[in-house]
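Asks: Everything below, folded, please.
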Amino acid sequence: MPQITQLPYIFSSQFFWLVVVFGIIFFVIGRGMLPKIRSTAEVREKAIADDLAKAQAARAVADATEAAWRERADAARVEAAKVAQEARQASARAAEKRIKAAVGRIDEKADLAAQRIRDAVTAARTELEAVAAEAAQEMVERLTGMKIDRKEAAKAVAAELRSYDKGATKKQPAREAAE
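Replies: Take a look at the predicted model:
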């Protein structure tokens, strides 16, 4: 094989060119490009680290802001509940005053109505006594032929009504208890 026999003659020149090419590659890539790539990678890693630090700081600020917001919202809820409670109490007090005033007016009207009823009963009783006395006077005169004085007839009717009233008041509590 003739290529093998030429090997000792060309080996040294090929070895020389191999060293020259690898030297050029080493110096161009290793000394020229590699430092630029490394500095770019370092700048990139530093930028990433800075961005992560900024993100962590922003997260801490956001957490603090959220905690402050929650505290303010809780305080606002408590204040709103307090205001609502005070409003309910004020409303209840105002309603109670209106109810008391209305009850007072109703009681006054009821007292006035009761007084009117008593006055009407007294007037009716007086009229009834007068009519009953006159009727008793006429009945006695028709039945017996005797004339009775109007004052005597009125006394007799009044006495009879008083005895009737005494019997009615004794029966009335029993009737009210039954109802």
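
Asks: what's the spacing between Asp165 and Val121?
Replies: 11 Å (Cβ to Cβ, to the nearest Å). Where C-beta positions appear, they are placed from N, C-alpha and C, glycine not excepted.

Asks: What of Val21?
Replies: For Val21 relative to Val121 (Cβ to Cβ), the value is 141 Å.

Asks: got it, and Glu134?
Replies: 20 Å.

Asks: So the two - more neighbours on which side?
Replies: Glu134 (14 against 11; other Cβ atoms under 10 Å).

Asks: Which of the helices or strands spans the more buried one?
Replies: helix 34-144 (DSSP states H and E).

Asks: who does that helix touch, helix- and strand-wise?
Replies: helix 150-178 (3 or more Cβ pairs under 8 Å, 6 or more residues apart in numbering; DSSP states H and E).

Asks: Let's verify Lys147: helix, strand, or coil?
Replies: On the three-state scheme (DSSP: H, G, I helix; E, B strand; the rest coil), Lys147 is labelled coil.

Asks: Tell me the pLDDT of the nearest residue to it once chain neighbours are set aside.
Replies: Distance criterion Cβ to Cβ, 6 or more residues apart in numbering; nearest residue to Lys147, sequence neighbours excluded, is Glu141 at 5.8 Å. Looking at Glu141, its pLDDT is 82.

Asks: Many thanks, I have nothing further to ask.
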